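Novice: Here is a sequence together with a model predicted from it:
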Amino acid sequence: MLNKFINKWTETNLILKILIGIISGAVLGILIAEVYAISLLGILFLTALKSIAPFLVFIMVISALSHLNKGITKNLRTCIILYVCSMLLACFVAVTICFIFPVTLTFTTPATQSAPASISAVLIKLFTDMVTNPLRALVE
């Protein structure tokens, strides 16, 4: 029974696996959000995803560029122009929204470092730092 499930899971498309993970994570997060292990798994997943996503995107772009044909350069130029325009538009929208809805922060007490509240805070920090972005870890 378990062997059959594992074989079916390994044959399943990656996109479908990601969708199953997103849906099951959302359901678990809504139904039993108070359970410590569920929140820890979510934090670990997001931190690991943030650490590996830049490398995956870089490798996919390099792979796509290395397999370009000579006639595709015009399409690549269009793609780059669309990317730059969308990034500039996103920046413009973000700045506009910040001016329309300004945010003011007022601090009543100066920031001070304090000891962690519980052992769970220490463990969460430990596990998330284990899978942090490797580039940020090298810089720090």
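Specialist: Everything's here; your move.
Novice: Can you tell me how far the residue nearest the centre of the chain is from Leu16?
Specialist: For the chain, the residue whose C-alpha lies nearest the mean C-alpha position (CA atoms, centre = their mean) is Lys50; its distance is 3.9 Å. As judged by CB to CB, to the nearest Å, Lys50 and Leu16 stand 23 Å apart. The C-beta positions use only the backbone N, C-alpha and C, and glycine is treated the same way.
Novice: Show me which parts of the helix or strand harbouring the residue nearest to the centre of the chain are buried, residue by residue.
Specialist: Using DSSP states H and E, Lys50 falls within helix 36-66. For helix 36-66, a neighbour-count test (16 or more other CB atoms under 10 Å) marks Ser39, Thr47, Ala48, Ser51 as buried.
Novice: and the gap between the second one and Ile18?
Specialist: Thr47 sits 17 Å away from Ile18 when distances are taken as CB to CB.
Novice: sec struct for the nearest residue to Ser39 once chain neighbours are set aside, please.
Specialist: Closest residue to Ser39 in three dimensions, ignoring its sequence neighbours and counting by CB to CB, 6 or more residues apart in numbering: Ala33, at 6.8 Å. Under DSSP: H, G, I helix; E, B strand; the rest coil, Ala33 falls in the coil class.
Novice: Distance check, Ala33 against Val131.
Specialist: Taken as CB to CB, the span from Ala33 to Val131 is 21 Å.
Novice: same thing with Ala115?
Specialist: 24 Å.
Novice: quick one: which of Ala33 and Val131 has more around it?
Specialist: Neighbour count, other CB atoms under 10 Å: between Ala33 and Val131, Val131 has more, with 18 against 10.
Novice: List the residues that contact the more buried one.
Specialist: The contact partners of Val131, by CB atoms under 8 Å, 6 or more residues apart in numbering, come to Leu44, Thr47, Ala48, Ser51.
Novice: Pipe those into JSON lines and attach distance to Leu82 and pLDDT per row.
Specialist: Converted to JSON lines, the contacts of Val131 look like this (distance: CB to CB, whole Å; pLDDT from 0 to 100):
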{"residue": "Leu44", "distance to Leu82": "35", "pLDDT": "82"}
{"residue": "Thr47", "distance to Leu82": "31", "pLDDT": "80"}
{"residue": "Ala48", "distance to Leu82": "30", "pLDDT": "79"}
{"residue": "Ser51", "distance to Leu82": "28", "pLDDT": "77"}
